[in-house]
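[1] got a predicted structure plus its sequence, pasted below:
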Amino acid sequence: MQQTVLERFAVAVDTYLLAIAQKGAGATASMAASTPILSTTIFWLLAGSILCLMEFFFPTAFVAFMMGIAALGVALVSLLLPQISLQVALWLIFSTLLIFSSRRFFAPKRKASTLEAAREGETLSEIPPGQAGRVLYEGNSWRAKCEDEEMAIAANQRVYVLRREGNTLIVMPHNLLLY
């Protein structure tokens, strides 16, 4: 029967730890390999603790923390389910579910974008009819279109910002609105 990478790692760590622990008693490495110290439950507890602690040092928007919580849950399940492959599958499923549920419940509330009080801007480039150009608005260059798709606006003209659609401002020439 072929061992998984996780099983081989656990056996190697167990062998090493037992050899160190029994070195003083004169035990050989072959005796150390017969009784594992690192059970899958302890492995999942360690993995969960490390992942949860990693979140404090390397913030990952709760991803590492949720993966750690999932590993702690799998540690409980490993007491009843000894197959490593099923434990890894459960960890992946638990992690995915916890990450998506944390996004749903802990996501920041977004505000609707509103235009500020300064509603005037200046064209940086010509705005051809039905196409986009550039407008200087609140000190930043914005993509802009004219409200009237048949009208062109020359460069360096004052414009009035009507609204915003995504990252595009909808504008009208200032001189048309004065009359």
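    That came through fine.
[2] ok, the residue most central in space within the chain - contacts?
    Centroid check for the chain by CA atoms, centre = their mean gives A61 as the closest residue, at 6.0 Å. By CB atoms under 8 Å, 6 or more residues apart in numbering, the contact set of A61 is empty. Glycine gets a C-beta too; all of them are placed from N, C-alpha and C.
[3] on the three-state scheme, it is what?
    Secondary structure assignment for A61 (DSSP: H, G, I helix; E, B strand; the rest coil): coil.
[4] tell me the spacing between it and I69.
    Per CB to CB, to the nearest Å, A61 is found 14 Å from I69.
[5] can you give me the distance of V171 to S141?
    The value you get for V171 to S141, if CB to CB is used, is 13 Å.
[6] ok, those two, which is more surrounded?
    Using other CB atoms under 10 Å, the more surrounded residue of V171 and S141 is V171, with 27 against 12.
[7] quick one: the helices in the chain?
    Counting by DSSP state H, the chain has helices at residues 5-22, 29-32, 40-57, 63-77, 84-106, 174-178.
[8] how about the fifth one: buried residues?
    It stands for helix 84-106. Neighbour-count burial for helix 84-106 flags 84, 87-88, 90-91, 94-95, 98-99, 102 (criterion: 16 or more other CB atoms under 10 Å).
[9] what lies in contact with it?
    For helix 84-106, the external contacting residues (CB under 8 Å, 6+ apart) are 4, 6-7, 40, 44, 62-63, 66-67, 69-71, 73-74, 77-78, 81.
[10] what about the protein, any weak spots by pLDDT?
    1-7, 9-10, 12-14, 16-38, 107-118, 177-179 (pLDDT under 70).
[11] thank you, goodbye.
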